[in-house]
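Q: Quick one: sequence and predicted model below, then my questions.
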Amino acid sequence: MTGTMNPSEVGVSIRTVTISIDDVDVKVPEGGTVLDGCKAAGIDTPTLCYSENLTPVNVCRVCVVELEGSRTLIPSCSRPAEEGMVIHTDSGRVRHSRKMVLEFLGSGVDLSQADDMNSWSEHYGADPDRYGPAAEKINEEVKIQDDLYIRDYDKCVLCYKCVEACGDDAQHTFAISVSGRGFAARISTEFDIALPDSACVYCGNCVAVCPTNALQFKTEWDLREAANWKPEEQTVTTTVCSYCGVGCNLEMHVQDNTIVKVTSPNDHSVTNGNLCIKGRFGWQYVQPTITTR
Amino acid sequence: MADLKFTDAVASSGERAAVEAVLGDERALVFEHPRLVRGGTRRRHRLRHMLLPALHALQNEAGWISKGGLNYVCEELQVPPAEAYGVASFYEMFRVDAAPNHDGPVTHVCIDGPCRAGSTEAIATVKAAGGHVHESPCLGQCERPTAVFIQGRRGPDMVAADADPFIRPQQDGTGLRLLQRLGVVDPNSLDSYREHGGYVALTKAITMGPDAVLAELSDSGLSGRGGAAFPTGFKWSAVRDAEGDTKHVVANCDESEPGTFKDRTIMENDPFSLIEAMTIAAVTTGSENGWIYIRGEYPLATARIENAIDQARSAGLLGDDVAGSGMTFDIEVRRGAGAYICGEETALFNSIEGFRGEPRNKPPFPTTHGLFNQPTAINNPETLLNVLPIVLEGAQDYRCIGTEGSPGTRLFCLSGAVSTPGTYEMPFGTTLRELLTLAGGVTGELQAVLLGGAAGSFVTAASLDMPLTLEDTRAAGTTLGSGVVMVFDTATDLTDMCTRIAEFFKNESCGQCVPCRVGAVRQHEMMVDLRSKNGVGLAPDKRQLHADMNSAMADASICGLGHTAGSAVASALALGLIGESS
C-alpha cells in the first residue's frame, strides 16, 4: 500500500440483497443470513445453538422459518439470504415445528435453568408433559472433577457450542467432542476421561457459551446447591484483566461482595466473549478469603 | 506440531503394526532430522481421511478401539483424541468400551424385516456355540434370511452365504439392461467383462465428448435411484460447470436402507460395470478422483470391487491416461463401519473425511461443495449403471422403456413373503401385482407391502394395481425410495414390525438435530407402549401426538433420515394396519 489513498476506496458500499420477511421487504448485506434479515426487520427469533461469535451449526432447529418454494423449513441462522427469497416466520408450519422442538427438548432435558427457552416454550405452547413420565431422559451424573466448573449433562441440549468454542471457533484445544450417536450422543473427552487428565486448558469458553447452564462455574453450582444463588442481587462490574497486556474486558459478577463468576462481552473487539484461565477463573487473589502466610 | 495432549496409554505392538500397514509411509509429522520436522495444518488435514481405515485396523486387531491404539493413531495423524473418540463411538462396528469379551470374531445377526422371524433362533445358536453376537440392523441380504455377517478378529470379515452361487431370478434375461450380465459374466475377470460388451460405452463416451454425453443424459430423463430421484444430467452438468481444479466422483454404495440389496447384487456380480460407469462420470464431469464408499458389512462386494479396480488399472482403464483419452482418473475404496446415516450423501463425505458421519446442511450442494468441500458428483450404483445403456443406445431408445415421467427400468428388491425373493429389473410402470407375480406370488395371505424401505410407507392389497412410477407413487402418497418391496403375510405381527422400524430410526439417528434425535425416541416409546397392548386401541390423543411428531420431523430435521423417520408408522396407522380399536 502506498501512502496516498484513492477516494473511491473510502466508504466501500456494501452490496445488499432484498428478501421479503412476513410481507415486508428487508435489505440484508450480501453474505448475511435470513436471521440477520429477521433481526433487521425487528422480528424476535428463538435461537439455541446460534451465537454471533460461533460458526452456525444449525442443529437445534428452533430458528426454522418457511421459505416459499422449499419443501422443508430452513434454519434461519445459517441460510444465506438470497435475492427474492420470500420468508414466513410465523406460519402454522413454523409455529408447529418450533413448538415441537421445544417440547422435545423439554421432555428429555432439564431446562430448569434455561430461562430464555422456557419463555419461548410458553410462547409456542409447548407441552413436554404429554410424553408421559416414562419418557426417556438423559440421566447422567453431574461431573464435578475440579474447583473451576461443573458439567451437568442432564441439562445438555447438544447445541455443539462448547465443542465449537473448544475447537476451531475459539480455543483450538479440542478437549471435547460429541461422542456416541442419537439420543445417546454426549459431549465427552476421549473415553470420557476426567477433565484434568484431558487436553482441557480451563479457559472456560465452553461455560461462557452454554445456553442451559449445563456447564457452570463451580462457585455458582455451590451457591445453587446451598439455595443461595441470587442473580437479582448480583452486580456486574466491567474491568480490564490485570494479568497481561492484551486488554481483555472482564465482567465480574458479584454477590454479597464476592466474585461469583466472570464473563466477557461477546461484542468486545479483543475477546469476542472468550477469555483464558487467568481472566476467567483467576480472581481469588482479590477475595477476602485468601490469607497471607 | 499441533498442540495435542495424550494420556499415558500405549498401543500394543500388534496395534502399531496394524495401523502402520494401513497408513504406509504417510504421516502427519515427519521427523527429517532433529532440526527439521515436516507437519502443519494442511498436511494434517490432507491425511485425516485415513482415520476411518486406521480405526478399522485397530478394531480388527484388538477387538475394540483401545485407549493406547487411539493414542497411536491420533499421534500419527495428528488428530485430537477427543475428536477421534467421537468418530470411533459413532459407528456400530467399532467398540470403545473395554468389555472383557473382545476375543474372537463378532457375529452380527439381522433383526429387521424378513430376518426378524428367524433372528431369535439364529442369535441363540451363535450364543450356544460361545460366540459373540451383535444384534444388527438390516444387513442387506434380505433375499436370504436370516442374514448373518461375521466381523473378523485378526482376520477377514465373512458372510457364509456369499459362498453360494448367484442365480439371477430373471433367468432368460430378456428386457434386462442393468442386470443383463449378472450371473453370466465372470465378476473376477476384465476379459470376461469385455467379452460381454464391457468398456464399449466408455470408448463411445470419450469419442462423443462431455457435452454430447451430458445432452444424452439430460434427454434420457435419468433420475437418481437412491431415493431422492434427482435428475442425473442436471447434477453432472453442475459438477462440470462448477469452479475448481479438483473434482470428485463418488459411488454411494453404503446401501443400508432396510430391505435394500440391489447394489450388493451388482457389485458382487458385475463390479466392472460400476467402475466403467464411474469412469464415464469422471471424463464427463472432469473429475480426477473416484471414491467408492461401501458399507462395512459387504466383504465380498468390497473384494470384487477392489479386484476390478486393480485389473482396470493394470489395463490402462484407470490411472494417468484413461483408455487413451489423456485424462486422469483413479478410484479409492472406503469401507463404512455400520451407520445407516452415512448413506446420506453429505454424511458420507464427512465419514470419508474422517469426521463423524453427520449430515451437513444444504445448500451448499455437493455439486459445488461436496467431498473435501470440492465439486462432487455422487450417485447410487443403480443410477450409474443406467449411464451405460444411455451412452450406448442414446436417450431416444432409452426412453422407449418406462413411462414419460419415469423413463427406463427400475431395480426392485423383493423380500419377505414371496416365493422367489431377489433383485428384479422391470420397466417403470410395472404394477405391484405384476411384480409380485414375477417373484412367484405371495406366500400366504397378503397383509401389506412396505414400499421404499423403513423410510418408505406401507401399502395394502388395494394398491396392487398401482403402476410403480415416480409420479404414481408420489400421487398415492407413497414412494419407491430405494426400490424396496418387502412383502408381509397375515402371519406377521405388524405392530412388532413397526416397533422395530421405530427402534431402527432411534438407533440410527446421528443425534445432531433435535426433531430427529428426540422425535425418533418418542415414536419408539409410543410403539413399545402400543405393542404392550397387543397393537390395538391407540388413543386419539396418541394419534395426534404421532401426527405432530411426524410433521415436525418431516419439516424441521436436517436430512432425509429425520424427514422420513415417521412415515412408515404413520402409513400403518392411516391404513389401520396397527392401533385400531380391538
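A: Cool, the structure landed.
Q: secondary structure element for residue B:527?
A: Assessed by DSSP states H and E, residue B:527 sits inside helix B:514-532.
Q: Following element in sequence after that helix, please.
A: For helix B:514-532, the following helix or strand on the C-terminal side (DSSP H and E) is helix B:540-556.
Q: where does residue 12 land on pLDDT?
A: All of this is about chain A. The score at residue A:12 is 63. That number is its pLDDT.
Q: not what I meant, chain B
A: Reported pLDDT at residue B:12 in the predicted model: 96.
Q: Residue ranges of each domain in the chain, please.
A: You didn't say which chain, so I picked chain A. Following automatic domain parsing, one gets these domains for chain A: A:15-137, A:149-286.
Q: nope, chain B
A: Split by automatic domain parsing, chain B gives B:13-88, B:106-162, B:190-398, B:409-487, B:494-574.
Q: Could I have the CA atoms of stretch B:162-169 written out in CSV?
A: Provided in CSV are the C-alpha atoms of stretch B:162-169 (Å, rounded to 0.1, in the frame of the first residue of the first chain):
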residue,chain,number,x,y,z
ASP,B,162,-21.5,-65.5,-0.1
ALA,B,163,-20.2,-69.0,-0.9
ASP,B,164,-23.5,-69.9,-2.5
PRO,B,165,-23.5,-69.4,-6.3
PHE,B,166,-25.5,-66.4,-7.5
ILE,B,167,-28.6,-67.3,-9.5
ARG,B,168,-30.4,-64.4,-11.2
PRO,B,169,-34.1,-64.6,-10.6
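Q: Show me what the mean pLDDT comes to for that stretch.
A: Taken as a whole, stretch B:162-169 has a mean pLDDT of 94.
Q: One more: stretch B:96-110?
A: On average, stretch B:96-110 scores 84.
Q: quick one on the thing from earlier: including distance to residue A:275 and mean neighbour count, could the domains of chain B go into CSV?
A: C-betas here are computed from N, CA, C, even on glycine. Formatted as CSV, the domains of chain B follow (distance: least, C-beta to C-beta, whole Å; neighbours: other C-beta atoms under 10 Å in any protein chain shown):
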stretch, distance to residue A:275, mean neighbour count
domain B:13-88, 21, 19
domain B:106-162, 45, 19
domain B:190-398, 28, 22
domain B:409-487, 46, 21
domain B:494-574, 28, 22
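Q: Any residue of the helix holding residue B:527 touching chain A?
A: Yes: shown here: helix B:514-532 in contact with chain A (C-beta under 8 Å from any C-beta of the partner chain) through B:514-515, B:517-522, B:525.
Q: Next, see if stretch A:49-58 gets close to chain B.
A: Yes: residues of stretch A:49-58 are located near chain B by C-beta under 8 Å from any C-beta, namely residue A:58.
Q: Could you check which helix or strand contains residue A:35?
A: helix A:34-40.
Q: brain fart, residue B:43
A: Using DSSP H and E, residue B:43 sits within helix B:41-47.
Q: so what does that helix touch, helix or strand wise?
A: If contacts are counted by 3 or more C-beta pairs under 8 Å, 6 or more residues apart in numbering or on different chains; DSSP states H and E, helix B:41-47 sits against no helix or strand.
Q: Other residues contacting it?
A: Helix B:41-47 is contacted by residues B:2, B:26-28, B:77-79 when judged by C-beta atoms under 8 Å, 6 or more residues apart in numbering or on different chains.
Q: okay if I get the residues you listed as a markdown table plus secondary structure, distance to chain A and pLDDT?
A: Below are these laid out as a markdown table (DSSP: H, G, I helix; E, B strand; the rest coil; distance: C-beta to the nearest C-beta, whole Å; pLDDT from 0 to 100):
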| residue | secondary structure | distance to chain A | pLDDT |
| --- | --- | --- | --- |
| B:2 | coil | 8 | 55 |
| B:26 | coil | 21 | 86 |
| B:27 | coil | 19 | 90 |
| B:28 | coil | 14 | 92 |
| B:77 | helix | 13 | 96 |
| B:78 | coil | 11 | 95 |
| B:79 | coil | 9 | 97 |
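Q: so who does residue 92 touch?
A: Using chain A here. So residue A:92 contacts nothing (C-beta under 8 Å, 6+ apart).
Q: meant chain B, my bad for not saying
A: Going by C-beta under 8 Å, 6+ apart, the list of residues near residue B:92 reads B:134, B:136-137, B:337-339.
Q: so what strands line up beside the longest strand seen in chain B?
A: Using DSSP state E, we find that the single longest strand of chain B is strand B:409-416. If you go by DSSP bridges, strand B:409-416 pairs up with strand B:422-427 (antiparallel), strand B:484-489 (parallel).
Q: Residue A:204 is nearest to which of those?
A: Nearest to residue A:204 among those is strand B:484-489; the distance by C-beta to C-beta comes to 50.0 Å.
Q: How about residues contacting the closest one?
A: B:113-114, B:142, B:257-260, B:412-418, B:432, B:435-436, B:442-453, B:456, B:494, B:497.
Q: just the CA coordinates of it, formatted as PDB?
A: Taking C-alpha atoms only, strand B:484-489 is exported to PDB below (Å, rounded to 0.1, in the frame of the first residue of the first chain):
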ATOM      1  CA  VAL B 484     -37.700 -51.900  -1.600                       C
ATOM      2  CA  VAL B 485     -40.800 -54.200  -2.000                       C
ATOM      3  CA  MET B 486     -41.000 -56.000   1.400                       C
ATOM      4  CA  VAL B 487     -44.000 -58.300   1.500                       C
ATOM      5  CA  PHE B 488     -45.800 -59.300   4.700                       C
ATOM      6  CA  ASP B 489     -48.400 -62.000   5.000                       C
END
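Q: what about the closest residue to residue B:6 other than its chain neighbours, distance to residue B:11?
A: Nearest-residue entry for residue B:6: residue B:71, 4.9 Å, with adjacent residues in sequence omitted and distances by C-beta to C-beta, 6 or more residues apart in numbering or on different chains. Separation of residue B:71 from residue B:11 (C-beta to C-beta, to the nearest Å): 7 Å.
Q: try residue B:146
A: Distance from residue B:146 to residue B:11, by C-beta to C-beta: 37 Å.
Q: Also residue A:19?
A: Distance, residue A:19 to residue B:11, using C-beta to C-beta: 54 Å.
Q: which regions of the chain sit below the pLDDT cut-off?
A: All of this is about chain A. A:1-12, A:288-293 (pLDDT under 70).
Q: I was after chain B.
A: For chain B, the stretches with pLDDT under 70 are B:1-2, B:99-102, B:582.
Q: what about residue B:107, which SS state?
A: Secondary structure, DSSP: H, G, I helix; E, B strand; the rest coil: residue B:107 is strand.
Q: May I ask which helix or strand encompasses the closest residue to it other than its chain neighbours?
A: Excluding its sequence neighbours, the residue lying closest to residue B:107 (C-beta to C-beta, 6+ apart) is residue B:126, at 4.7 Å. Secondary structure from DSSP H and E places residue B:126 in helix B:116-128.
Q: Give me the nearest residue to residue A:68, chain neighbours excluded.
A: Nearest residue to residue A:68, sequence neighbours excluded (C-beta to C-beta, 6+ apart): residue A:86, at 4.1 Å.
Q: Which residues of the stretch 101-250 of chain A lie near chain B?
A: Contacts of the stretch 101-250 of chain A with chain B, taken as C-beta under 8 Å from any C-beta, map to A:101, A:104-105, A:107-108, A:130-131, A:134-136, A:157-158, A:172-185, A:188-191, A:193, A:197-199.
Q: circling back to that earlier point, just put the residues of helix B:514-532 next to chain A in TSV and tack on distance to residue B:21.
A: Converted to TSV, those look like this (distance: C-beta to C-beta, whole Å):
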residue	distance to residue B:21
B:514	41
B:515	42
B:517	37
B:518	42
B:519	43
B:520	38
B:521	40
B:522	45
B:525	45
